[in-house]
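> Task: produce atomic coordinates for the following.
(one chain, ligands or ions: 1)
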Amino acid sequence: MATLAHVGRVAGTVDAVVVGAGHSGLAMSRALAAHGVEHVVLERGEIANAWRHERWDSLRLLTPNWQTRLPGYRYRGADPDGYMTAAEVVGFIDGYAKFVGAPVRTGTTVTKLRAEDGGYLVETDRGMWRCRAAVLANGAHGVPVVPDVAASLSPGTRTLRYSEYRNPSQLDAGRVLVVGSSSSGLQLADEIRRSGRPVTIAVGEHIRMPRLYRGRDIQWWLEVIGIHNERYNETDDIVRARRVPSPQLVGSPERRTLDLNALRAQGVDVVGRLVGSNDGRLQFSGSLANHCAMADLKLTRLLERIDRWVDEYRFGDLVARPERFAPTRVEATPRLSLDVKKESIATIVWATGLRPDYSWLQVPVFDNKGRLRHDGGVVEPGLYALGLNFMRRRKSSYMHGAEDDVRDLSEHLLQHLRAPKRAALATAVGI
Ligand SMILES: Cc1cc2nc3c(=O)[nH]c(=O)nc-3n(C[C@H](O)[C@H](O)[C@H](O)COP(=O)(O)OP(=O)(O)OC[C@H]3O[C@@H](n4cnc5c(N)ncnc54)[C@H](O)[C@@H]3O)c2cc1C
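Numbering: from 1, shown residues only. The predicted model follows:
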């Protein structure tokens, strides 16, 4: 077993270490402080680092300002129906860090976390911490997910992960293929097309939503009818539910709807999922029509559920009348392949998702696919995750999801810290 002398300078011993000072880590810090848990928040960069350095320039939240809230703290500006820019999100999270007074150590990268002596040893590039509990609040979006097909592209094809994308000026002249049809894929296709470049988007499974329905923001409906609060342990197939891409939404001052029909109207070419590349030809799946039909069907089901709620709660005279949206337009015979040279495809942008980076976590808590095993964020007693997709509730990955998740998990953490004392006391008094 490694001793402290082997692993470096001891920076401190605390009850709990929180890894990451994004909104999740700060919210957990507030809960721990409220219970007198001695802790430290270790952050490799600055507070709100991901929003400072890992988002494209024009990104705005797709959740409205009134919904942008953290435990004890909420947006109080003059535009509750607007959507924050990334810089405004940084300001919001910075304000929260001050409000919380979190003990954040910036510029401190966690390089290893492992179990020792019934607690954890957390190694960083600035010394080592010992703790009895640890919270992984290092974000759900650490590493871009790039499909296997990337390996078979012709050498010299320029590709860009969407975490590297900042604005269209980075792109060479010529057609851009955006791979992925979640909110990010659609937003990038939209922005790049508006910059005057021809764009093709490769579309797989996706979630279509209007920005407004019956005069209200769709996020308002998702909140009031209870969808955001759906629990991970009440869902038929949580593994699948956690893989569902983010809804096709954009936060824009004009509150516009961004879907495949809107992209087509701008001249974006829509093809199926990118499935292969051979001899300079890209191949696309024939499943485009099915994916679009499925997304249209799920949209209709969502709108019907909202309408039923309106009827049940006699809300009809407070909102606009129901409406239905045109089905997604798909050509009778969508293109199944593209010649990279002939079509002058200059860049492929991977908008195929991001996953958490736990490369430094040396505790055997991964499944056979390398995914973190956890039960609603409880990895094991004493080790907790935050901010993951549909972690405890459907809203877990949104800012406003932190409140309930942090409350639940901090309670679990407290029980864990108290347990050995209780056990010792029980032994002492003979029960
Ligand atoms: C493109 C995009 C759009 C989004 N839009 C919305 C939206 O509209 N509304 C909404 O509510 N949510 C949105 N989210 C989701 C969510 O708010 C963010 O993902 C949020 O950043 C997650 O918060 P977090 O605190 O869990 O993690 P992060 O904000 O990612 O914070 C994790 C922190 O951990 C630090 N860190 C990582 N590894 C280490 C390490 N080894 N050692 C020390 N520190 C480390 C990072 O530097 C970072 O500061 C969006 C996310 C993305 C990617």
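> ok, which stretches of the stretch 51-200 of the chain are strands?
Taking DSSP state E, counting those that start in this stretch as the criterion, the stretch 51-200 of the chain carries its strands at 69-70, 73-74, 104-105, 110-116, 119-124, 127-136, 143-144, 158-161, 175-179, 199-202.
> how about those, which one is nearest the ligand?
Of all those, strand 110-116 sits nearest to the ligand, with 3.6 Å by Cβ to the nearest ligand atom. (Glycine included, C-beta is placed from N, CA and C.)
> Report the secondary structure state of Ser359.
Secondary structure, DSSP: H, G, I helix; E, B strand; the rest coil: Ser359 is coil.
> And it, how close does it get to Phe366?
Between Ser359 and Phe366 the computed distance is 11 Å (Cβ to Cβ, to the nearest Å).
> Those two - which one has more neighbours?
Neighbour comparison, Ser359 and Phe366: the larger count goes to Phe366, with 13 against 10 (by other Cβ atoms under 10 Å).
> Please render the strands of the stretch 51-200 of the chain as CSV that adds distance to the ligand, mean pLDDT and mean neighbour count to the earlier fields.
Output for the strands of the stretch 51-200 of the chain, formatted as CSV (distance: least, Cβ to the nearest ligand atom, whole Å; pLDDT from 0 to 100; neighbours: other Cβ atoms under 10 Å):
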stretch, distance to the ligand, mean pLDDT, mean neighbour count
strand 69-70, 9, 98, 20
strand 73-74, 13, 98, 17
strand 104-105, 9, 98, 19
strand 110-116, 4, 97, 17
strand 119-124, 7, 98, 22
strand 127-136, 9, 97, 23
strand 143-144, 10, 92, 15
strand 158-161, 12, 94, 16
strand 175-179, 14, 97, 26
strand 199-202, 17, 98, 25
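> Can you lay out those strands as a markdown table showing distance to His416?
Compiled in a markdown table, these are given as follows (distance: least, Cβ to Cβ, whole Å):
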| stretch | distance to His416 |
| --- | --- |
| strand 69-70 | 24 |
| strand 73-74 | 26 |
| strand 104-105 | 23 |
| strand 110-116 | 13 |
| strand 119-124 | 10 |
| strand 127-136 | 6 |
| strand 143-144 | 29 |
| strand 158-161 | 37 |
| strand 175-179 | 42 |
| strand 199-202 | 45 |
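> what does the stretch 251-400 of the chain put close to the ligand?
Selection of the stretch 251-400 of the chain residues close to the ligand by Cβ under 6 Å from any ligand atom yields Trp360, Leu386, Gly387, Ser397, Tyr398, Met399.
> ok, 5 Å please
When proximity is defined by Cβ under 5 Å from any ligand atom, the stretch 251-400 of the chain lies next to the ligand at Gly387, Tyr398, Met399.
> Surely the last one and Leu26 touch.
No - at 10.7 Å, Met399 and Leu26 do not qualify as touching, with contact defined as Cβ atoms under 8 Å.
> what about stretch 267-277, how long is it end to end?
Stretch 267-277 stretches 24 Å from its first residue to its last (Cα to Cα, to the nearest Å).
> Mind listing residues that contact that stretch?
Stretch 267-277 is contacted by residues 147, 149, 152-154, 177, 179, 189-190, 193, 198-204, 260, 263-264, 282-288, 291, 330, 334-336, 338 when judged by Cβ atoms under 8 Å, 6 or more residues apart in numbering.
> buried residues in it?
For stretch 267-277, burial by neighbour count (16 or more other Cβ atoms under 10 Å) applies to Val268, Asp269, Val270, Val271, Gly272, Arg273, Leu274, Val275, Ser277.
> Work out the gap between that stretch and the centre of the chain.
On the basis of Cα atoms, centre = their mean, to the nearest Å, stretch 267-277 sits 24 Å off its chain's mean C-alpha point.
> Where does the stretch 201-350 of the chain get nearest to the ligand, which residue?
Taking Cβ to the nearest ligand atom, the stretch 201-350 of the chain has Gly251 as its residue nearest the ligand, at 6.4 Å.
> so how far is Ala265 from that residue?
Counting by Cβ to Cβ, the gap from Gly251 to Ala265 is 20 Å.
> what about the two, which has more around it?
Set Gly251 next to Ala265 and count neighbours by other Cβ under 10 Å: Gly251 wins out with 23 against 10.
> Contact partners for the spatially closest residue to that one that is not a sequence neighbour?
The shortest distance from Gly251 to any non-neighbouring residue, by Cβ to Cβ, 6 or more residues apart in numbering, is to Tyr83 (2.6 Å). Counting by Cβ under 8 Å, 6+ apart, Tyr83 makes contact with Arg60, Leu61, Leu62, Thr63, Pro64, Asn65, Gly251, Ser252, Pro253.
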